[in-house]
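1. Got a predicted model here, sequence first, then my questions.
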Amino acid sequence: MTALKLDRPVGRRGPFSRQGSHRRRVLAAALACALSFTVFWIVQRLAGVTMLDLMVYRAEGWTARTGGDLYDMLATSARLPNTYPPFASLLFVPLTFLGVPEMRTLATLGNLLLLIAVVHLTLRLTGLPSLARGQRAPRARQATATLALSALLVWCEPVWTTLRYGQINLLLAVLVLWDVTRRDTDRWAGIGIGIAAGIKLTPALFAVWLALAGLLQARRLYEPGQGLRGTWNPWLRQACVAVLSFLGTVLLSAVVLPRDSARFWTEIVFASDRPGDVEITANQSLRGVLARLLHTPDTGPWWPAAAAVAVIAGLALATAALLRGERAWAAVVCATTALLVSPVSWSHHWVWAVPMLILLGTETVRRGGRATRTGRRLWAATGAVGLLFASFALWWVPHRPHSHAELHQNGGQMLLSGVYPIAGVTLLLLAAAHLRRTTAPGASRTDAGEPGVGESGAGMAGVSAPRGRDRRPDGRDRHRAGGDGTPAPPKASPRTDASSPCPRVPADGSGT
C-alpha cells in the first residue's frame, strides 16, 4: 500500500462507519426498549395495579423485624398468608425502611432491569446473536438483541402479572440463569441456585438435575483401579455448592428465626393448599389442570401420578440434553418441569416463558428459518407458544376469588385455562424431538448450514470460549481449526473416548 493510500481518509464503507452503524442500532434498540417500558409502566398505573404480593413481602419483613409469628400473619385486605421459607422474610426486612410509593417504584424499576438481565443471560446461554458455533458476537449486537427482545417480551402475561403483583420471579430466574451460564471451572457456580431455593423451594429441582447429570458423568469417567477421585466433575461440584448454599440459608434462618424455621420445616412446607384454591385459573400447574378437569379440588391419586410422570420425563430430558452439550435446552426443560409438577404454579411463575421463547427462536434461526421445512415448523411452534403467553387467554374464562367457578368449566374453557401447561408439555416434546434429531446416526444441522451435534455434545450452542482461552483445564487445545478454517470437533477424552460434555461459558460473556 502506497503512502498516498495510507494518508487517504477512511470512506463511508470503512470501519468507522461500521462502528457508527452498530451504535445507531444499539441506540435505536435502547430507545425502543425505553419507550416500551414507559408505555408498560403507564398502562399498569392506569390499570390500578396494587402490587399486592409486594405488600405481603413488606408485611413479612416487618413481622420478622419485630419478632412476630411469620406463619400466623395475614397481610393486606385479602388476608394472604406467608408461604415462603423464613429466609425470604429476612431478605424482605429492608422493604420496611421504605415508604410504600418509593417501594413500589423501586420494585417496578428493579423488575424491568431484571427482565433485561434474564434476556441477556438467556442469549448468552443460547448463543444468539452469534449463530455460528465458535464465533464471537460483537458486544453491540448483544446489546441490540437484548434491548430489542426486552422491549417485546415485557408484554408477555407472566411478566405483566409479575410486575402487577410486585413478585420476585424474575429475580429467581436471574439467580438460576447466572449459575448455569458460568464456566464449569468456576468453584462458586451453584450458589445462585442454592439461594433461589432458599427463597422459594421450586428452584431446588435444578440441583437435582445437576446431581443426576454429575452422577452419570462420573459413571462415564470411572476407571477400575483408580477409585472415585477421577470421577469428580463440574456438575457434581455445582450441585454440591447449590445444596450447601441452600443449607446455609436454612441455618441462617434457624439462628435468626428459630421458632418460625421449626414451624416451616415441620408443618408449613407440607401444606400444599396454603397458597390458595388449587382449581383457580391462575394455577397453571398440572394439579390445577386436573382439578378443573375433574371438577373437584381433590385430585386424589391423579396428581401424584401425573407429577411423577412429568418429573421423570422432564429430568430425563434435561439430563440427556446437558450430557450432550445442549445446556440451554436442559435448563429450560428443567424449569418447565418444575413449573408443571409444583402443587401451585401461578401464572406469574411462568416468567420462564422468556427463556423458552428465546430458545425456540434461536433454534428456528439455526434451522434455516422459513427457508427450510424444519425451520418453518419451528417458526410455527415458536409463534404458537408465543401467542399462548401473550394472549392472556387464561383470563378469558369465568373467574372470581373463592367462587369455585372454575370447577364448572366446559371443554373450551378448560383449554383456555390450561394454556401454560399445554405450552410446557409442547416444549418437552420439542426437546425430545430435538435430542432425537441431533443424536441420530449421521444427524447434522444441514438445514442451518451447521455441523451436527452427536451424543458427545461437544460445545454449547453458539457459545465459544474467549480468545486466548480455548483450552481445557488440562492445557490441551479444545478446538483445532481444519484446513477450511472451521473448527474441528473436540478431541476424544482419554477416559471416555468421547468429547467432553461439559461446555464452558466465557467469564466475560463473550461469544453470545
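-> That came through, no problem.

2. ok, which stretches of this protein are strands?
-> Taking DSSP state E to define them, one finds strands in the chain at 74-75, 80-81.

3. For Ala34, see how far away Ala28 is.
-> Distance, Ala28 to Ala34, by Cβ to Cβ, to the nearest Å: 11 Å. Glycine gets a C-beta too; all of them are placed from N, C-alpha and C.

4. can I get the strands of the chain in CSV with mean pLDDT and distance to Gly68?
-> Formatted as CSV, those follow (pLDDT from 0 to 100; distance: least, Cβ to Cβ, whole Å):
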stretch, mean pLDDT, distance to Gly68
strand 74-75, 88, 11
strand 80-81, 89, 13
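
5. Single out the most deeply packed of those.
-> Highest mean neighbour count among the strands of the chain (mean count of other Cβ atoms under 10 Å): strand 80-81, with a mean of 17.

6. what does it rub up against?
-> With contacts defined as Cβ atoms under 8 Å, 6 or more residues apart in numbering, strand 80-81 is touched by Leu52, Asp53, Val56, Tyr71, Met73, Leu74, Ala75, Arg274.

7. let's see 7 Å
-> Val56, Tyr71, Leu74, Arg274 (Cβ atoms under 7 Å, 6 or more residues apart in numbering).

8. picking that back up, need the strands of the chain in JSON lines (columns: distance to Trp178).
-> What follows is those, written out as JSON lines (distance: least, Cβ to Cβ, whole Å):
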{"stretch": "strand 74-75", "distance to Trp178": "30"}
{"stretch": "strand 80-81", "distance to Trp178": "29"}
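
9. so which of those strands gets nearest Gly214?
-> Gly214 lies closest to strand 80-81 among these, at 36.9 Å (Cβ to Cβ).

10. partners of that closest one in the sheet?
-> strand 74-75 (antiparallel) (DSSP bridges).

11. How about residues contacting the partner strand?
-> Applying Cβ under 7 Å, 6+ apart, the external contacts of strand 74-75 come out as Met55, Val56, Ala59, Leu80, Pro81.

12. My guess is the second one contacts Thr76. True?
-> The reference is to Val56. Yes: shown here, Val56 and Thr76 form a contact pair, counting by Cβ atoms under 7 Å, at 6.3 Å.

13. Those two: which has the busier surroundings?
-> Val56 (24 against 14; other Cβ atoms under 10 Å).

14. ok, for the more buried one, nearest residue in space, not its chain neighbours?
-> The shortest distance from Val56 to any non-neighbouring residue, by Cβ to Cβ, 6 or more residues apart in numbering, is to Ala75 (4.4 Å).

15. how close does the one you found get to Ala32?
-> Going from Ala75 to Ala32 by Cβ to Cβ gives 38 Å.

16. again, but for Asp53
-> Distance, Asp53 to Ala32, by Cβ to Cβ: 29 Å.

17. With Pro81 instead?
-> Distance, Pro81 to Ala32, using Cβ to Cβ: 41 Å.

18. Kindly report the same for Arg366.
-> Arg366 sits 25 Å away from Ala32, going by Cβ to Cβ.

19. Of those two, give the one with the bigger neighbour count.
-> Neighbour comparison, Arg366 and Ala32: the larger count goes to Arg366, with 24 against 16 (by other Cβ under 10 Å).

20. Show me the helices in the stretch 51-200 of the chain, by range?
-> 52-66, 86-91, 100-126, 139-153, 157-165, 169-180, 191-199 (DSSP state H, counting those that start in this stretch).

21. and Thr372, which of those is closest to it?
-> Here helix 100-126 is closest among the helices of the stretch 51-200 of the chain (Cβ to Cβ), at 18.9 Å.

22. Pull the distance from the closest one to the chain's centre.
-> Distance of helix 100-126 from the chain centroid (Cα atoms, centre = their mean, to the nearest Å) equals 14 Å.

23. what's the angle from it to helix 139-153?
-> Angle of helix 100-126 versus helix 139-153, following axes from the mean of the first three to the mean of the last three Cα atoms, to 10 degrees, is 120 degrees.

24. Scan this structure for its longest helix.
-> When the chain is parsed with DSSP state H, its longest helix is helix 15-46.

25. for it, packing partners?
-> With contacts taken as 3 or more Cβ pairs under 7 Å, 6 or more residues apart in numbering; DSSP states H and E, helix 15-46 sits against helix 139-153.

26. re earlier: TSV please, covering the helices of the stretch 51-200 of the chain and showing mean pLDDT and distance to Phe270.
-> As requested, those are exported to TSV (pLDDT from 0 to 100; distance: least, Cβ to Cβ, whole Å):
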stretch	mean pLDDT	distance to Phe270
helix 52-66	94	20
helix 86-91	96	16
helix 100-126	95	30
helix 139-153	92	36
helix 157-165	96	25
helix 169-180	96	22
helix 191-199	97	17
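
27. To Ser347, which of the ones you listed lies closest?
-> Once the helices of the stretch 51-200 of the chain are compared by Cβ to Cβ, helix 157-165 is nearest, at 5.5 Å.

28. For the closest one, which helices and strands make contact with it?
-> helix 52-66, helix 100-126, helix 373-390.

29. quick one: contacts of the last one?
-> Contacts with helix 373-390, where a contact means Cβ under 7 Å, 6+ apart, come from 155-158, 353, 356-357, 360-361, 363-364, 367-370, 419, 422-423, 426, 430, 447.

30. May I see the buried residues of that helix?
-> Thr374, Gly375, Leu378, Trp379, Ala381, Thr382, Val385, Gly386, Leu388, Phe389, Ala390 (16 or more other Cβ atoms under 10 Å).

31. Looking at those residues, which one is closest to Val255?
-> Phe389 (40.9 Å).

32. And the closest one, how far from Leu74?
-> 32 Å.

33. Same check on Glu363?
-> The separation that Glu363 has from Leu74, given Cβ to Cβ, amounts to 46 Å.

34. And Trp302, by the same measure?
-> From Trp302 to Leu74 the distance is 31 Å (Cβ to Cβ).

35. swap in Leu163?
-> 24 Å.

36. show me where pLDDT drops low in this structure?
-> The chain contains residues with pLDDT under 70 at 1-20, 129-137, 439-512.

37. one more time with 50
-> 1-16, 134, 441-512 (pLDDT under 50).

38. thinking again about what came up before, distance to Trp346 for the helices of the stretch 51-200 of the chain - can I get that in JSON lines?
-> Formatted as JSON lines, the helices of the stretch 51-200 of the chain follow (distance: least, Cβ to Cβ, whole Å):
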{"stretch": "helix 52-66", "distance to Trp346": "9"}
{"stretch": "helix 86-91", "distance to Trp346": "16"}
{"stretch": "helix 100-126", "distance to Trp346": "15"}
{"stretch": "helix 139-153", "distance to Trp346": "19"}
{"stretch": "helix 157-165", "distance to Trp346": "8"}
{"stretch": "helix 169-180", "distance to Trp346": "9"}
{"stretch": "helix 191-199", "distance to Trp346": "15"}
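
39. Between these, which one is closest to Thr319.
-> Closest among those, once you apply Cβ to Cβ, is helix 169-180, at 13.5 Å.

40. Which residues does that closest one contact?
-> Here helix 169-180 makes contact (Cβ under 7 Å, 6+ apart) with 111, 114-115, 117-118, 121-122, 125, 162, 189-190, 192-193, 195-196, 199-200, 203, 206, 327, 331, 348-349, 351-352.

41. which among these end up buried?
-> 111, 114-115, 117-118, 121-122, 125, 162, 189-190, 192-193, 195-196, 199-200, 203, 206, 327, 331, 348-349, 351-352.

42. ok so, going back, I'd like the helices and strands packed on helix 157-165 as TSV, with distance to Thr266 appended.
-> Below are the helices and strands packed on helix 157-165 laid out as TSV (distance: least, Cβ to Cβ, whole Å):
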stretch	distance to Thr266
helix 52-66	19
helix 100-126	32
helix 373-390	37
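
43. out of these, which comes closest to Ile268?
-> Closest to Ile268 of these, according to Cβ to Cβ: helix 52-66, at 12.7 Å.

44. which residues sit against the closest one?
-> Helix 52-66 is contacted from outside by 70, 73, 75-76, 78, 80, 82, 89-90, 92-93, 95-96, 103-104, 107, 165-167, 257, using Cβ under 7 Å, 6+ apart.
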